[in-house]
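# take this sequence and fold it.
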Amino acid sequence: MAVGALLAACAPATGPIPPASTRPAAFMRCPDIVLATMPPGLTKTDSVVQALYGNHMGYVITYSTVDRRRQLKTYSGVDLLDALDDLDFSARDVRVGGRDFVLHRTTAIPDMLVAEVEAAGHQPPCDNLFVQSRHLPRSQVLDVLRGLELRQAG
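The predicted structure is shown next:
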């Protein structure tokens with residue numbers, strides 16, 4: 001009897017075949033963070049794409065020296081401050097190159113500076129835009145921020 005039921009289940013369909021499910025809408029990429037100025041000795045060493053909520057794609061791009069001591073990272077769509085929420089940051093608003101930033105520092109990692117880009121018009125999660133530096137002088141980081149551009153990803 002079990003063989004008969006199995007054969008009946010494998011028989012051709014007697015009614016119309018339901019339509020295939022559709023794929024979700026294409027991913028939307030968060031804006032590209034373009035750095036027109038790069039501190040001497042830093043080159044792109046890593047790029048990671050991250051799937052975010054709401055069908056968005058964000059990314060983290062790392063620039064570093066050969067020994068990886070001096071670093072600059074850009075975060076688009078990825079909430080860096082949430083990842084570092086155990087650290088006690090002090091924040092300061094600055095305007096550099098016609099753009100507003102919030103600079104975050106912590107005594108726990110004194111050689112790190114996090115610049116949060118104030119980007120009007122970007123919806124969550126793509127409003128999470130950061131530049132993180134390690135072992136770079138503040139003047140070099142400000143030069144980088146001065147040349148920062150946001151471009152809509154294509």
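# need the contact list for G54.
28, 124-125 (Cβ atoms under 8 Å, 6 or more residues apart in numbering). Just so you know, the C-beta spots here come from the backbone N, C-alpha and C atoms, and that holds for glycine as well.
# could you do T106 as well?
If you count contacts by Cβ under 8 Å, 6+ apart, then T106 has 84, 87-90, 112 around it.
# so what sits opposite it in the bridge?
F89 (DSSP bridges).
# among the contacts of G54, which lie within strands?
Mapping the contacts of G54 onto strands (DSSP state E) picks out M28.
# and which of the contacts of G54 is nearest P39?
Distance to P39 across the contacts of G54 (Cβ to Cβ) is lowest for P125, with 28.0 Å.
# in terms of secondary structure, what does the helix or strand encompassing T45 contact?
Element membership for T45 (DSSP states H and E) is strand 43-52. Counting contacts by 3 or more Cβ pairs under 8 Å, 6 or more residues apart in numbering; DSSP states H and E, strand 43-52 packs against strand 56-64.
# which among the contacts of G54 count as buried?
P125 (16 or more other Cβ atoms under 10 Å).
# which of the contacts of G54 sits closest to V66?
For these, the nearest to V66 is P125 (32.9 Å; Cβ to Cβ).
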